[in-house]
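# Got a sequence here, can you model it:
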Amino acid sequence: MKFIIIKRSWIITGFLMLIILISGIIYFNPTSIPVTKETLAEEHEVYSFHMVTGEFSGKTDDGKELEAYRFDPGTIVVPAGKDIKLSILGVNGKEHPFFIEGTNAKGNVKKGEETVLNLNFKKEGTYRLICTAHPDKEHNGPMIGYIIVD
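Numbers count the residues shown, from 1 in each chain. Predicted coordinates for the structure are as follows:
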């Protein structure tokens, strides 16, 4: 009578290889996922995007405190000519007054609150979301997000 011994590490390795294989098939064969920009546009009239305000802090070797604020994610890609709902949640920093360069859009994100903008970009290009409280290094910035209209 023969016994086959299967080690736990073999099972884990096999499972991980299977996940990598499936991920590779999906990544290299995007037609296997039947969702396109067109089908998303048909199903949803408004595209929603979410950002948060974040903060990095640290100390230099001589003990000086450093802080820097940012929008996260730092870049979003939105479709041109479509209705966009941009929600920005204030997580760090008391408040962040901002404007979107090249548009009339502006607002203020306060800690613990969500600011919602309804947008529609007609022209393709890159638009900067700029916090006026943190415009440069001297003001713990620059706090700039990028909206790429495609």
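# count of neighbours near residue 100?
A count of neighbours around residue 100, defined by other CB atoms under 10 Å, yields 19. C-beta: built from backbone N, CA, C; applies to glycine.
# For it, give the beta-bridge partners.
Beta-bridge pairing of residue 100 under DSSP bridges involves residue 129.
# Go ahead and confirm it touches residue 125.
No: if you go by CB atoms under 8 Å, residue 100 and residue 125 don't touch, sitting 11.7 Å apart.
# Do a quick rundown of the helices in this protein.
With DSSP state H as the criterion, the chain has helices at 8-28, 37-43.
# averaging pLDDT over each of those helices, which comes out lowest?
In terms of mean pLDDT, the lowest-scoring of those is helix 37-43 (a mean of 55).
# Kindly list the longest strand within the protein.
strand 46-59 (DSSP state E).
# Find the residue at the geometric middle of this structure.
Nearest to the mean C-alpha position of the chain, counting by CA atoms, centre = their mean, stands residue 73 at 2.8 Å.
# What's opposite the closest residue to that residue other than its chain neighbours in the beta bridge?
In this structure, residue 73 finds its nearest non-sequential neighbour in residue 51, 6.5 Å apart by CB to CB, 6 or more residues apart in numbering. Using DSSP bridges, the beta-bridge partners of residue 51 come out as residue 88.
# and of the helices of the chain, who's closest to residue 114?
helix 37-43 (23.2 Å; CB to CB).
# Flag the helix or strand of the chain with the lowest per-element mean pLDDT.
The least trusted helix or strand in the chain, going by mean pLDDT, DSSP states H and E, turns out to be helix 37-43, with a mean of 55.
# what sits against the closest residue to residue 121 other than its chain neighbours?
The shortest distance from residue 121 to any non-neighbouring residue, by CB to CB, 6+ apart, is to residue 149 (4.2 Å). Contacts for residue 149 (CB atoms under 8 Å, 6 or more residues apart in numbering) come out as 77, 78, 79, 80, 121, 123, 124, 125, 126, 127.
# at 6 Å instead, please
By CB atoms under 6 Å, 6 or more residues apart in numbering, the contact set of residue 149 is 78, 80, 121, 124, 125.
# Closest one of those residues to residue 12?
Nearest to residue 12, judged by CB to CB, of the contacts of residue 149 is residue 78 at 40.3 Å.
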